[in-house]
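In: Would you be able to build a 3D model of this:
(one chain, ligands or ions: 1)
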Amino acid sequence: TSFVAGSSYIPRRSILREIGNNEKRVEKGDYGVELNATNFDSVLKDSPATFAVVEFFAFWCPACRNYKPHYEKVARLFNGADAVHPGIIFMTRVDCALKINTNLCDKFSVGHYPMLLWGSPSKFVAGSWEPKQENSEIRQIDDGRTADHLLNWINKQIGSSYGLDDEKFENEHLQTNVTDPEQIARAVYDVEEATSTAFDIILVHKMIKLKSRASLIKFLQLLVTHHPSRRCRKGSAEMLVNFDDLYPSEMWSTNKVPSISDGKEIGLQNMQICGKEVPRGYWMFCHGSRNDTRGFSCGLWILLHSLSVRVDDGESQMAFTAICDFINNFFVCEECRQHFYEMCSSVSNPFKSARDFVLWLWNAHNKVNERLMKEEANLETADPKYPKTVWPPKQLCPSCYLSKSQSGNGHIDWDNDEVYKFLVGYYGRTLVTLYKDKELLGDDGGNKTPSEDLVASTNTIVVPIGAAFAIAVASCGFGALAWFWRSRQKSRKQRRSWN
Ligand SMILES: Cc1cc2nc3c(=O)[nH]c(=O)nc-3n(C[C@H](O)[C@H](O)[C@H](O)COP(=O)(O)OP(=O)(O)OC[C@H]3O[C@@H](n4cnc5c(N)ncnc54)[C@H](O)[C@@H]3O)c2cc1C
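Out: Okay, the predicted model is just below:
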């Protein structure tokens, strides 16, 4: 099966890699990218990273030579094809001893070597900096004299917890033992990427229509409350609350391009549901041995399973319809969409327990696996390293298999209680808590509620009337949350008008 849009996404890391490769003065093994006056603006402008560090140095300066290994230790984490934390910080350097860079270094008031500046890449473009300038969006890094100090400064600045010893999880290493239950911990990256990709596809293909709008809102509500990544919950909440502004009714009736409001461009197009920092093209867990296998669709399954194990009994029917309608309206693989919806439609009684819903989704996925097992064998389209199997294999969950039924004609007698327990552990606890960098993955350790995220993350005064109405129509189970937001937003408005 081929997907309409997935293949055209350029992994953001490849941009960094290209920059690195094209840079003539990069010494072998250098991670920091050396820029000069001719490419400084253009390279920073194209950088997908959220932040940039520029080290101004002079090639003749002995202190700079000694500083370089420190800078490189940090740059290794963020730059290049093997970056441990790609797409977040772009680490560069400029040699001020080269004549060509004199004006550039003057513009940034370089008075000593090495000197480090910090800001978003776009602020450096045609930018300048002065030491006493207040409210500048470029800042001097005042304590970066060793690798440790520099990384500490960065961690404080962006609230992260990166360590110099952080290592990239190698996919090859990960996949050598597919029966290791801890591997799923890394899939939170994939869940984030799949969520972002799904919404990119929806926007690129202008798929939000009058009839599908309510189902998108309903799915967003599910993401707000139960997405395993905090930054995706936060982005979904922003999208949901601002839905009417971002996607005004004239757009879904006429498909017009969004207009300009309050001097800012509006439209969902400008929103990234899980934030700008989500790595693309990474596929930690869902990495295929070929480019055209796994990836997005694998990540989407994992998203669905990780949502299913997080809902409670009272939400199970709502989550079921939210997922079914979302796949039906927005999954652009026609065969997948149809088959999945057939399975959805064959459910006759509403779900009353989360357990039943989790097991239904697991079973539906296994039905797809069984069908594809045959299809892929006939067409020889399977990923040779990841053939479809009925899941979980015995090695991963021995207790899921009832002892009597191990052999025979392929039929498996499952112990559903054990399967449920396993799924909750695998897609629930393990998917989040085993991962080492809680900041990056947005694990809040269960300390914060999504509504707190929402209140902290949006400036919107009220839930727009249309979206609120659609929320009310679309949901019952998640409705309490919607009303909570609405009342919070209203009371904020009142507080404002009193001030
Ligand atoms: C809703 C949906 C419907 C699809 N329908 C089709 C279709 O009709 N035709 C088609 O060609 N492709 C379909 N696909 C794509 C297909 O199912 C696979 O996603 C794709 O072939 C990549 O396979 P994969 O090896 O990465 O494993 P996937 O099937 O994507 O599974 C991802 C991971 O989930 C885990 N897993 C596997 N089975 C289960 C289970 N039963 N329960 C819980 N976890 C499990 C495993 O760890 C596996 O590696 C569909 C995808 C989705 C999301």
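
In: Can you name the residues of the protein sitting close to the ligand?
Out: 1, 286, 294, 297-298, 300-302, 305, 327, 335-336, 339-340, 362, 365-366, 368-369, 372, 386, 391 (CB under 6 Å from any ligand atom). Where you see a C-beta, it was placed from the backbone N, CA and C, and this is true even at glycine.

In: Out of these, list just those in helices.
Out: 297-298, 300-302, 305, 327, 335-336, 339-340, 362, 365-366, 368-369, 372 (DSSP state H).

In: Just the buried ones from those residues?
Out: The neighbour-count criterion (16 or more other CB atoms under 10 Å) marks 297-298, 300-302, 305, 327, 336, 339-340, 362, 365-366, 368-369, 372 among these as buried.

In: Most widely separated two among the residues you listed?
Out: Greatest spacing in those, by CB to CB: Ile302 and His339 (18.6 Å).

In: Can you pull up the most central residue in the protein?
Out: With distances taken as CA atoms, centre = their mean, Glu192 lies nearest the centre of the chain, 3.1 Å away.

In: so which helix or strand takes in that residue?
Out: helix 188-204 (DSSP states H and E).

In: list the buried ones in that helix?
Out: 188-203.

In: Next, the angle helix 188-204 makes with the next helix or strand after it.
Out: Using DSSP H and E, the next helix or strand after helix 188-204 towards the C-terminus is helix 210-226. Helix 210-226 runs at 160 degrees relative to helix 188-204, counting by axes from the mean of the first three to the mean of the last three CA atoms, to 10 degrees.

In: Return the list of helices and strands in contact with helix 210-226.
Out: Packing partners of helix 210-226 (3 or more CB pairs under 8 Å, 6 or more residues apart in numbering; DSSP states H and E): helix 230-241, helix 249-254, helix 296-308, helix 316-330, helix 450-457, helix 465-474, helix 479-498.

In: weakest of those helices by average pLDDT?
Out: Taking each of these in turn, the one with the lowest mean pLDDT is helix 450-457, at a mean of 34.

In: now do the same end-to-end measure for stretch 49-67.
Out: 23 Å (CA to CA, to the nearest Å).

In: and for that stretch, what are the contacting residues?
Out: Stretch 49-67 is contacted from outside by 16, 32, 35, 44, 68, 71, 78, 87-98, 105, 108, 110, 113-121, 124, 141, 145, 154, 157-158, 276-277, using CB atoms under 8 Å, 6 or more residues apart in numbering.

In: Rounded mean pLDDT for it, please.
Out: Mean predicted confidence for stretch 49-67 is 92.

In: my guess is Val74 meets Asp148, correct?
Out: No: counting by CB atoms under 8 Å, Asp148 is not a contact partner of Val74; they are 9.2 Å apart.

In: Quickly list what's touching both of the two.
Out: By CB under 8 Å, 6+ apart, the residues touching both Val74 and Asp148 are Leu164.

In: for the stretch 51-200 of the chain, which spans come out with low pLDDT?
Out: Residues of the stretch 51-200 of the chain that meet the criterion pLDDT under 70 lie in 168-182.

In: would you list every one of the helices in it?
Out: Secondary structure of the stretch 51-200 of the chain (DSSP state H, counting those that start in this stretch): helices at 62-78, 102-107, 121-124, 147-158, 171-175, 188-204.

In: Highest mean neighbour count out of those?
Out: Comparing those by mean neighbour count (mean count of other CB atoms under 10 Å), helix 188-204 ranks first with a mean of 23.

In: Using CSV, list the CA coordinates for that one.
Out: Extracted C-alpha coordinates of helix 188-204, given in CSV (Å, rounded to 0.1, in the frame of the first residue of the first chain):
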residue,chain,number,x,y,z
VAL,A,188,7.4,8.1,22.1
TYR,A,189,9.5,10.0,19.4
ASP,A,190,7.6,8.0,16.8
VAL,A,191,4.2,8.8,18.3
GLU,A,192,5.1,12.5,18.3
GLU,A,193,6.3,12.3,14.7
ALA,A,194,3.3,10.3,13.6
THR,A,195,1.0,12.8,15.2
SER,A,196,2.8,15.7,13.5
THR,A,197,2.8,13.9,10.1
ALA,A,198,-0.9,13.0,10.4
PHE,A,199,-1.8,16.7,10.9
ASP,A,200,0.6,17.9,8.2
ILE,A,201,-1.2,15.5,5.8
ILE,A,202,-4.6,16.8,6.9
LEU,A,203,-3.5,20.4,6.2
VAL,A,204,-1.6,19.8,3.0
